Structure formats: structure tokens, C-alpha cells
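Visitor: sharing a model that was predicted from the sequence below.
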Number of protein chains: 2
Amino acid sequence: MSLTHAPAGAVRQGSLRELNLALVLGRIASADRPPSRADLATATGLTRATVSAVVEDLLAGRLVGESDPAPRSGAGRPARGLVLADQGPAGLGLEVNVDYLTVCVVDLAGQVRHRTVRRVDLRPVDPADALAQLVELAGAARDDAARHGLTLVGAALAVPGLVDDAGVVRLAPNLGWHDVPVPALLAEHPPLIEQVPGVPALVVDNEANLAALGELHSRPPGPSSFLHISGEVGIGAGIVLDGALFRGVRGWSGEIGHLPVHPEGRPCRCGGQGCLEQYAGQEAIVSAAGLARAELPADTATARLAELARAGDADALRALHDAGTALGVAVAGVVNLLDLDTVVLGGGYAALAPWLCPPVLAEISGRVLTAAWSPVTVRPSTLGAEAAAVGAAGSVVRRIVAQPAGWLARTG
Amino acid sequence: MSLTHAPAGAVRQGSLRELNLALVLGRIASADRPPSRADLATATGLTRATVSAVVEDLLAGRLVGESDPAPRSGAGRPARGLVLADQGPAGLGLEVNVDYLTVCVVDLAGQVRHRTVRRVDLRPVDPADALAQLVELAGAARDDAARHGLTLVGAALAVPGLVDDAGVVRLAPNLGWHDVPVPALLAEHPPLIEQVPGVPALVVDNEANLAALGELHSRPPGPSSFLHISGEVGIGAGIVLDGALFRGVRGWSGEIGHLPVHPEGRPCRCGGQGCLEQYAGQEAIVSAAGLARAELPADTATARLAELARAGDADALRALHDAGTALGVAVAGVVNLLDLDTVVLGGGYAALAPWLCPPVLAEISGRVLTAAWSPVTVRPSTLGAEAAAVGAAGSVVRRIVAQPAGWLARTG
DNA sequence: GGCAAATAATTCAATCGCTGAACAAATAGC
DNA sequence: GCTATTTGTTCAGCGATTGAATTATTTGCC
């Protein structure tokens, strides 16, 4: 919705080709069936001649391939469908969380081509050791990817905490991390990434942000503006506005867990009072349901809670209802503020959605000014717990799609 | 922060010139002193030859003019400074509010060249009559602008309510408007606008949104992301993210007045409970201070309140402190969610800022997770009550600056 | 079976706008 | 008055898009 359509910098002669490469490749990526050159010409407004020239570049650079002709109705020479290559550049997605490490590889088309999860309680582990374990998994992933003809061109790491511009994890309370210089620690290991202009070798970002990105690009395509809430020990939100993740001035947006829902209520570790996290965080729900706190890893506690709720346990149902109500109060505020029409419950909330959604919707319909005219959808995440790592890897390949010139210049 | 740098459509041959026209004109607009062609070349990365050609087009189209040479230190041929033209295209800003009508004209450079305010209680007035009065004022403004060599190329109307995509005012409670088809009503009057490709003849938008835009482009330039809060009878917010107004999925973002600050508190006309508006709305403050409600027009009540506070009236001070605290709870939530570092108090709040800022800041520092690392600024609006109309007019000329090709094609 | 219609993709001269270097203009300092 | 310096223009060259013509390949009809 910006008024300035112009790219930030100068538009040189060569930018023209760069921009059209990105335009055509983007169309191929977002099409639901393999488009022909003629389809691309009509869709983009370019001439068929130009599209052919651009596609030739993309084919030469192995970013797209030709597929079997799509079935067509009328007469005429059959089209050759264009699809994103299943070889070539790929993204490495990494996640460090409280009780697991994840590594995955996503190809240009967004397909998950490799995935490893190692369950391990990382709270007592030194950050450098945790990252070393992650690198070990990533090395195996790289080798596996290479066997499929995939080259890792960038990595993104999801962490449950606040990350600054330099990639330093300023604070990850549930992990016990504080000012961990992730890029420096990872630089001590041999590189797994083949550098490409325009693609950063490593991005470190908040887990909720990357999970929202994963949800944004999951198939089938959903809305381009939504709020994605990751309910873990803390509660984080990824805000997607018009297909772009909103990170805030310093990249610390989405701290929905500290929205005040009872301003004079329970004190919170953030220094405030009555924060949402105190009423809808995983520990709050678990203890309200009468389960022993810290009994088991987080995902086990969640599974147990869902089990109890499914069995009709009154305490569990009440705990979930109360948490959903608190969540609904906060979400209603966010929807009023940002005018979003979709809320996705992810992370630990995904499995609890059947019990959380009703009270959340009730609060929304009671508190949102515009709810009467256009309804708000609340639904569980489609990717669930995988969202962050998949979103991280996807964010890498998406850069290639957005700026293919860098990759093409590399391979010649 | 979007990954796609490419414009939405095709990048044709001619787009190149269009983009560079916008790039150079934008630089001229945002420079703090008249830049030379050489300055523009180094700033944009284009060659001096290209800049000269682009500037020639802009000069021929009367969008820029040459100014006296700026003082320079060293040797060499003196530069000719380039400034936005003080003639040519201009924007018409309109505002309908509860107790006044405003019309203003803003030129390319953002200068307010004409301004009319008519104080009139519009609550008992039929919307069509109100708009007819506005058109009358606008006609006089057009004639005045023409005498200064200004051509109105578009209009933007600010209303205190929810507006849909078609420009229909769905609901303006304090004005008593409901489903008012503003574009259709205005179309019955003779047109005042000279149509230009790329510039809509009429945009209708929320008053808080346009006030935020006015603040964004006020001089001296402030931050590019902030929250602008218009405290009138209702409380609206304009959210500016990375220099762009965020409107939400349907254009109804910013309803900060209905953020819950006491979820089980006073019932609100929106159907919810404990909304901010019930604690920090103008009526709430005025009655808490012991002033007779609906005693006087809103701005008079605000002025009286400020007067009492300045005199040390205990009731007024307490009312303002309580309102500021409620506001702070809501703002803290917004800052946690969006990671903004600047909050601007506008509308009726501007005059009350000395008493509202301290409690707002107190709540922020107590509740915002990241406040310890980077402080949040809370300050009054620089434009005050004029912000909405000026922002409306400014949004028109900003389109010309962002897409000068449309205007140039028009005049040849 | 053969032919016309239809659709896909390529080829090629023309054109548009940027580039880079040379050149002209204008001033300060010596 | 001369040189160094900076600004701005001119011009041949070039890359990328364009639009029309051409080639390629299939369906449908007689």
C-alpha cells in the first residue's frame, strides 16, 4: 500500500532485466499450475518475445524447468509448462528450541526435501554446544541435499527470543540464552553455504516470526494478512501484513504475550502486571488444569492436556476455556488495532485449537467493532510445530525467487 | 521490508524513465536543501547524463524549478539548485468533523497555501448538506489556488469514522452518519479537480489515518514508524510503518479506542467491556474532572480542561492522570506488539500532552519488555488539530511526487 | 487424408533510455 | 591571467524491450 512504487535505488539499464527476471519467476512460483510462456506474457503484460528471452535466462540458470504440457482444450500448438526447478538452490532452515533441534532443507518450489529433529533438553546446554549439535545435523542435511542436486545458498535460524540486527540473541528466557553472538559462534564451523549475491548466508530471527512466514507460504495459499500466534512457554506472534512480515523498528514486534489483559492482575516476569502470558501461557494452562508443572517437556504437557480435554476432564476444559478467554481479549485488541481478518493458532496452541477457538471467537465477536460486518477467522496452523524451521528455510529460497539475478550471475 | 523489490506489474521500456523520474523527484522532495544535478547523480547512483535528461523532463513539466545557487565552499562552476515548483499541481484536503469543516490546499513542496475553517455543529445537519457546505468552501479554495498558479489534481476527505473501499462512510457515530455514499453525493456538484492519471479524484479516509500521514510528512521529518493517536470523542490511531500508513485488510485499522484496558469494566457502546474509550475518551476525562458533559464543543472542553490543569485543579489533574494511565496500558500493549519507538499524541490529546505523557511513559516503562534497551518517545503532535486536513491534501500531492509520469503525460 | 484455423514460441529490425567519456561552462585560488 | 576544480551537456554505443512477421505444432472439419 506504499505510495512509492520505485525501488529504493537507481533503475539502471540492467535493472530492467533483473526486475523482469524476478517478475516472471515470481509468476511461475505463485501459479497453481505450470504456466506457458504465453500465459506469462498475458499475466505480466510483457510481450511474448521478452518473456521468451527472460525464460531462456531462467532455463540456462537452472532455476526453472520445462514440464509435460498441461492438458488444454482447444486447438493449437501445445504449450510447454514451466515449473520451478527441483534442483539448484535450496534453503537451510534451523531451529533451536527448549527441548529440540530441527534442521530442514526446502527447495525453490517450497518443498521440504530433508528434515531432522533431535529431541534434547537444551536448557542445561551451553549455547556454543547447542549450536555445534545443530551444525552437525546441518552438515548431514547438506550432504543429503547435495545428493538430490541441491545447493544450500543460505540459512535461517529460528530461536525463541529477541534477536538484534546483527543476529545476536539478546534474550531467550526459556532457553536461558542472553547476548549469544550466534553468527560468531557459527563462523567457527566450516561453512555449509555457497554464497550467492543478494542472499545472506545466515539470518537469525524470532521463532514466531519465522513460523508466521512458514504459514504465509504454506499450500494452499492463505490470506496475505494475518496474525500467527505461537503458544509455547511464552506467547509470541508473527504479524503478516500484505504478504510481508512486519518486524517493527528494531525487529522485536509480536510480543503479544505481554499485552495486559488484567492490568492490575498477576505480576509478570517482564515487570508488568496481568500480562497475557500469565493467563494463557503454557505453564499457566497446565497448572490451572491441575497438572504438575514442569512435569514433562512442553509438547508432552500439551499432548496430555489435549488428551484430558478430549476425555472431558472438567479441570482441563475450564483451564482451556479461561486461557482462551484471556487470549481472546488480547486478540480482540489486536484485531481492532490492525483490522486483520485471520488469526492462526500455532505452536503449542495448534493442538489445543478445538478448545481455544470458541472462547477466542466469543471475545472477538463481543469486542471487535467491525466483527458484525465482516467475520474474523480463527484456525489452527497447518504446519504446526514444523512451521518455524520450514518458514526459515523458505525465507531463504524466497530471496532467490525475488532476486534471481544474483544466482544467475553466480553460475554464469 | 518486503522481499519483492519488483513493481507489481511489468517493467516495460518506458517504465524505466517513469521510475527514474519518480526517483529523482523524490530525492528533490526529501532533500533538506536544493540539490544540484550532480548531487542527485551521486545520491541516486544514476549518471549525471541521465539525471540531466530526467531533470529536463521535470523542468519542462513544471514540477521543479531552479533556485538560486546554494552557497558552496570550494572552487568550480556553481551548481543550480533544484526545488519543487511552487506552482502546478496541488492537493485539496477536506475534513468533516463534529463541530467544524476544514478545507486546505497544499502544494508540491508540502506548503499549506490555503486554509479555511468553518465552525458549525454538524450533528443535526444532513450529510448531503454538510458536504454541500464543504464544496462551497472548496470552490473558493480552488479559485484562490488558481490565482497562485495551482491546479487541484485530487482531493482527500477526512471523516471521523469507518470508510469502506468505495469511499462510503459506513459508520461515523459521533457525527451520526451511517452508510453515507460520499463519492456519489459529491459527484452531484460541479468538479473542482483536474483529473491526472494515477491520482484519484477523491479519496475518503479515516481522520486518524490522515492525521498520521500529516504528521509523517511534517517538517522537520520525524521517524518513519510511529503510532499517532487522535484523542477526540472517540480515540483513533493511525499506524505508520516504515513510512507507509497501515490500513488493515479492509481499511479499518487503528481502532485503539476499543482495546480492552479493564476487561470486566464499564460497558462500551461497541458491545465490549472496559474499552479504552471509556477511560480516556474526551467525555470520560471531562466528566471525571467534574465538568458538565456536553457543555461545549469538544475543543472548548479540552481547552477548559487544560486551563484547569494548568491552574492546579486537583480533579482535573486526577482525571488526566487516570486517563493517561489507561492510555498507557493500551499503548504499552501496542508497543509490545508492533515494536514502535515513537508515540504521537494528536487531536484533542495534543493540548493535554503535558499531563498525559508522564503516566503514559510510566506504563510503558513498566510493561514494555524492550523498554529497558531502547526508550520509547511520547510527544504531542506538531500539527495539532490541522493534521487531518493537511495530511489529506498532502496525500494527494505525494502521489504526484511518487508518480510524476502521469502529470507529465497530461501536460505534454 | 488433407487443409484451414488456432495457439505457441522464435526471429529480427526498430526504438527507447541509460552509460561513459569527452567537452564546454563557470568559478576560486594563486 | 592561468590552473585546478566542479557542474552540466553532448554524443556515440549498447542493452533490453517492442511489434510484426515467421515458424512450429496441434485440433477440427470437410
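Guide: The structure has been received and is ready for your questions.

Visitor: CA only for contacts and neighbour counts going forward, please
Guide: Noted.

Visitor: where in chain A is the helix or strand with the lowest mean pLDDT?
Guide: Taking mean pLDDT, DSSP states H and E as the measure, helix A:298-310 is the helix or strand of chain A with the lowest mean score, a mean of 84.

Visitor: ok and the helix or strand following that one relative to helix A:298-310, angle-wise?
Guide: Taking DSSP states H and E as the definition, the helix or strand that follows helix A:298-310 towards the C-terminus is helix A:314-338. Here helix A:314-338 points in a direction 110 degrees away from that of helix A:298-310 (axes from the mean of the first three to the mean of the last three CA atoms, to 10 degrees).

Visitor: helices or strands up against helix A:314-338?
Guide: helix A:277-280, helix A:282-288, helix A:298-310, helix A:348-367 (3 or more CA pairs under 8 Å, 6 or more residues apart in numbering or on different chains; DSSP states H and E).

Visitor: cutoff 6 Å now
Guide: Counting contacts by 3 or more CA pairs under 6 Å, 6 or more residues apart in numbering or on different chains; DSSP states H and E, helix A:314-338 is packed against helix A:348-367.

Visitor: pull out the buried residues from the helix it packs on.
Guide: Of the residues in helix A:348-367, those buried under the neighbour-count criterion (16 or more other CA atoms under 10 Å in any protein chain shown) are A:348-353, A:355-361, A:363-367.

Visitor: which residue ranges make up each domain of chain A?
Guide: Structural domains annotated on chain A: A:13-84, A:88-213+A:388-403, A:220-382, as defined by automatic domain parsing.

Visitor: among those, which is nearest B:V396?
Guide: Closest approach to B:V396 among these is made by domain A:220-382 (22.5 Å; CA to CA).

Visitor: still on that earlier bit, so how far is the least confident helix or strand of chain A off the chain centroid?
Guide: 24 Å (CA atoms, centre = their mean, to the nearest Å).

Visitor: not counting its own residues, what contacts it?
Guide: A:A316, A:L317 (CA atoms under 6 Å, 6 or more residues apart in numbering or on different chains).

Visitor: extract the CA atoms of that helix and return them as PDB.
Guide: The C-alpha coordinates for helix A:298-310 follow below in PDB (Å, rounded to 0.1, in the frame of the first residue of the first chain):
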ATOM      1  CA  ALA A 298       6.400 -28.800  26.800                       C
ATOM      2  CA  ASP A 299       5.000 -30.700  23.900                       C
ATOM      3  CA  THR A 300       4.200 -33.700  26.100                       C
ATOM      4  CA  ALA A 301       2.400 -31.500  28.600                       C
ATOM      5  CA  THR A 302       0.300 -30.100  25.700                       C
ATOM      6  CA  ALA A 303      -0.500 -33.500  24.400                       C
ATOM      7  CA  ARG A 304      -1.600 -34.600  27.800                       C
ATOM      8  CA  LEU A 305      -3.800 -31.600  28.200                       C
ATOM      9  CA  ALA A 306      -5.400 -32.300  24.800                       C
ATOM     10  CA  GLU A 307      -6.000 -35.900  25.900                       C
ATOM     11  CA  LEU A 308      -7.600 -34.800  29.100                       C
ATOM     12  CA  ALA A 309      -9.800 -32.300  27.300                       C
ATOM     13  CA  ARG A 310     -10.800 -34.900  24.800                       C
END
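
Visitor: quick one, that helix and helix A:348-367 angle?
Guide: Taking the same axes, to 10 degrees, one finds that helix A:298-310 is oriented at 60 degrees with respect to helix A:348-367.

Visitor: around chain B, which positions in the stretch 251-400 of chain A sit nearby?
Guide: A:252-256, A:259, A:270-272, A:333, A:336-340, A:366-367, A:369 (CA under 6 Å from any CA of the partner chain).

Visitor: just the buried members of the residues you listed?
Guide: For those, a neighbour count by 16+ other CA under 10 Å gives the buried set as A:252-256, A:259, A:272, A:333, A:336-340, A:366-367, A:369.

Visitor: what's the most distant pair in those?
Guide: Pairwise distances across those (CA to CA) peak at 29.5 Å, for the pair A:W252 and A:G366.

Visitor: just the helices in the stretch 1-150 of chain A please.
Guide: Counting by DSSP state H, counting those that start in this stretch, the stretch 1-150 of chain A has these helices, from start to end: A:13-30, A:37-44, A:48-60, A:127-147.

Visitor: A:S395 is nearest to which of the ones you listed?
Guide: Distances from A:S395 to each of the helices of the stretch 1-150 of chain A were compared using CA to CA; the shortest belongs to helix A:13-30, at 13.7 Å.

Visitor: low-confidence stretches in the stretch 251-400 of chain A?
Guide: Along the stretch 251-400 of chain A, the parts satisfying pLDDT under 70 run over A:292-299.
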